[in-house]
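Visitor: Got a predicted structure plus its sequence, pasted below:
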Amino acid sequence: MDHVDRILAQWNRERPDLDVGPMGLLGRIARLRTHLAREIDKTLADNGLNAASFDVLATLRRSGPPYRLSPGDLLAATMVTSGTMTNRLDQLEKAGLIERSHNPEDRRGVIIALTPKGFSVVDATVTAHVGNQHRLLEGLDDGERAALDGLLRKFLGEFE
């Protein structure tokens, strides 16, 4: 019996007229998200980053050589506001992890690029992050992982 089971038992006792099954499923997803975020945040912090900075650096890294994007492309890939992105970029530039330069195709525009230090930091962090993700899923065998992934893909597809 987990924490969610205890909550459901209380609701079943107090409101037997309600089907609280969905509350259990969604409650477990929410609690898992909290536990997983804590573990992921720890790994990122161990590498000197937070989720926001890792998001930007990882987006640049996975874009492929030359590891640079326009601010608009970064915004589209990360789905944050322009003000939030500007703040993130300011902090990353201050840390020497990215650099801003004029867009060679449009001198009015700017390009955001990983610096060599940024490339090194994000590569080390993504290696640690993927290792951590494997560790977090150790409790599930390959078949369970595939089944859960399929169900979550279907569920997420309803919203996206």
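Guide: Good, I have the coordinates.

Visitor: Can you get me a residue count around residue 93?
Guide: Applying other CB atoms under 10 Å, we find 15 residues neighbouring residue 93. For every residue, glycine as well, the C-beta is placed using N, CA and C.

Visitor: again but with residue 96, I slipped
Guide: With other CB under 10 Å as criterion, residue 96 counts 12.

Visitor: contacting residues for it?
Guide: 115, 117-118 (CB atoms under 8 Å, 6 or more residues apart in numbering).

Visitor: Output the contacting helices and strands for the helix or strand containing residue 9.
Guide: Secondary structure assignment for residue 9, by DSSP states H and E: helix 3-14. On a contact count with 3 or more CB pairs under 8 Å, 6 or more residues apart in numbering; DSSP states H and E, helix 3-14 meets helix 21-46.

Visitor: which parts of the helix it packs on are buried?
Guide: Residues of helix 21-46 classed as buried by neighbour count (16 or more other CB atoms under 10 Å): 27, 40, 43-44.

Visitor: Out of those residues, flag the one nearest to residue 147.
Guide: Checking the buried residues of helix 21-46 against residue 147 by CB to CB gives residue 27 as the nearest, at 20.3 Å.

Visitor: ranges for the helices of this protein?
Guide: Using DSSP state H, the helices of the chain run over residues 3-14, 21-46, 51-62, 71-78, 82-94, 116-136, 142-157.

Visitor: what about the helix holding residue 9, average pLDDT?
Guide: Average pLDDT, helix 3-14: 96.

Visitor: ok and it relative to helix 21-46, angle-wise?
Guide: 150 degrees (axes from the mean of the first three to the mean of the last three CA atoms, to 10 degrees).
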